[in-house]
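In: kindly return the folded structure for what I paste below:
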Amino acid sequence: MARHIRWLIALTLLCIAAALFVPGIPQWPSYHQFADRRGALGIPNVLDVTSNIGFLIAGLAGLVVVFGGRAQFEFASERWPWTVFFFGMLLAGIGSAYYHLAPDNERLFWDRLPMAFTFMGLAASQIVDRVGARVGLASLVPLLFAGVVSVVYWRWTERAGAGNVVPYGILQGYAIVLLVSLATMAPSRYSRSGDLYWIFGWYVIAKVFEALDGHVFALGNLVSGHTLKHLAAAGSGLVACRMLERRTLRPRTAAVEEQAR
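Out: This is a model prediction of the structure:
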């Protein structure tokens, strides 16, 4: 465990240094130019707006699993990182829909803020599962604070005329590296720990759809890559629901043996 804690500290310090010293990059205005701008029923950008229902479904389903007794936790307090994760997804559905009604930097803030909650909640949940409940729960508030600060700082710099989205980008990178590192280095106390790769996989698919927004839309003008991004990202939340419902606490002897390999 001490080795994993040292790794977490080193990774955190490295990302803090990068956020402080990497030159600032403003949010490109072209980011808001999405491929599918069709409206319907008085809703502009209707598919990019309504596809956020996936986040609402995943967020609500996750909260039902966490608080409805359908997920097993060794300690009741372990539910809080997952609560943050699913609550962030629920708010992301609202914030992203609001943003896509009239995309600009001011509205993008309300899209990114709940996503920061989601990233940090998932990171803390895996520290709980793979390093220790006490360490993971102690990390939750600092991680949330860092996530909120990265988004607030980005908006503040944009309003000041010198936008810097780098800390928020590093936050995402930090969460990804942390999750992949823990998945490969530290066995979970619970079964179905491999489902974390599926959660990550849906995130990767979502980023691919985002990058290919216009190309996907050009295939037949049916649906854009960004619309599919929302659905794929919500898929990661549904995988997390399934994992929490089906996992069981592993015998400590098995966890210790795997740790020693």
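In: least confident secondary structure element in this structure?
Out: When the helices and strands of the chain are scored by mean pLDDT, DSSP states H and E, helix 252-260 comes last with a mean of 46.
In: all helices of the stretch 101-250 of the chain, in order?
Out: Using DSSP state H, counting those that start in this stretch, the helices assigned to the stretch 101-250 of the chain run over residues 105-130, 133-159, 166-185, 195-211, 213-218, 225-246.
In: next, the buried residues of the longest one.
Out: With burial defined by 16 or more other Cβ atoms under 10 Å, the residues of helix 133-159 counted as buried are 133, 135-137, 139-140, 143-144, 146-147, 149-155, 157-158. In this view, the C-beta of every residue, glycine as well, is placed from N, C-alpha and C.
In: residues contacting Leu47?
Out: If a contact means Cβ atoms under 8 Å, 6 or more residues apart in numbering, then Leu47 has Asp36, Arg38, Val223, Ser224, Thr227 as its contacts.
In: between those residues, which is nearest Tyr190?
Out: Using Cβ to Cβ, Thr227 is the member of the contacts of Leu47 that sits closest to Tyr190, with 33.7 Å.
In: the closest one reaches Val49, doesn't it?
Out: No: contact between Thr227 and Val49 fails when scored by Cβ atoms under 8 Å: they sit 9.4 Å apart.
In: relative to Cys241, how far out is Val66?
Out: For Val66, the distance to Cys241 equals 9 Å [Cβ to Cβ, to the nearest Å].
In: same check, this time on Leu179
Out: 17 Å.
In: now do the residue sitting nearest the centre point of the chain, the pLDDT please.
Out: Ranked by distance to the mean C-alpha position of the chain (Cα atoms, centre = their mean), the top residue is Phe119 at 3.3 Å. We note a pLDDT of 94 for Phe119 in this prediction.
In: which residue packs closest to it, ignoring adjacent ones?
Out: Setting aside the residues directly before and after it, Phe119 is nearest to Ala175 in space (Cβ to Cβ, 6 or more residues apart in numbering), at 4.1 Å.
In: ok, now Thr12?
Out: Counting by Cβ to Cβ, 6+ apart, Tyr174 is the residue found nearest to Thr12 once chain neighbours are left out, at 7.5 Å.
In: quick one on the thing from earlier: output the helices of the stretch 101-250 of the chain in CSV; the columns should cover distance to Trp28.
Out: Rendered in CSV, the data for the helices of the stretch 101-250 of the chain read as follows (distance: least, Cβ to Cβ, whole Å):
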stretch, distance to Trp28
helix 105-130, 10
helix 133-159, 11
helix 166-185, 12
helix 195-211, 13
helix 213-218, 14
helix 225-246, 15
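In: worst average pLDDT in those helices?
Out: Note on the helices of the stretch 101-250 of the chain: helix 166-185 shows the lowest mean pLDDT, a mean of 89.
In: name the surrounding residues that touch that one.
Out: In contact with helix 166-185 (Cβ under 8 Å, 6+ apart) are residues 4, 7-8, 11-12, 15, 18-19, 22-25, 112, 116, 119-120, 122-123, 126-127, 130-131, 146-147, 149-151, 153-154, 193, 196-197, 200, 203.
In: thank you, goodbye.
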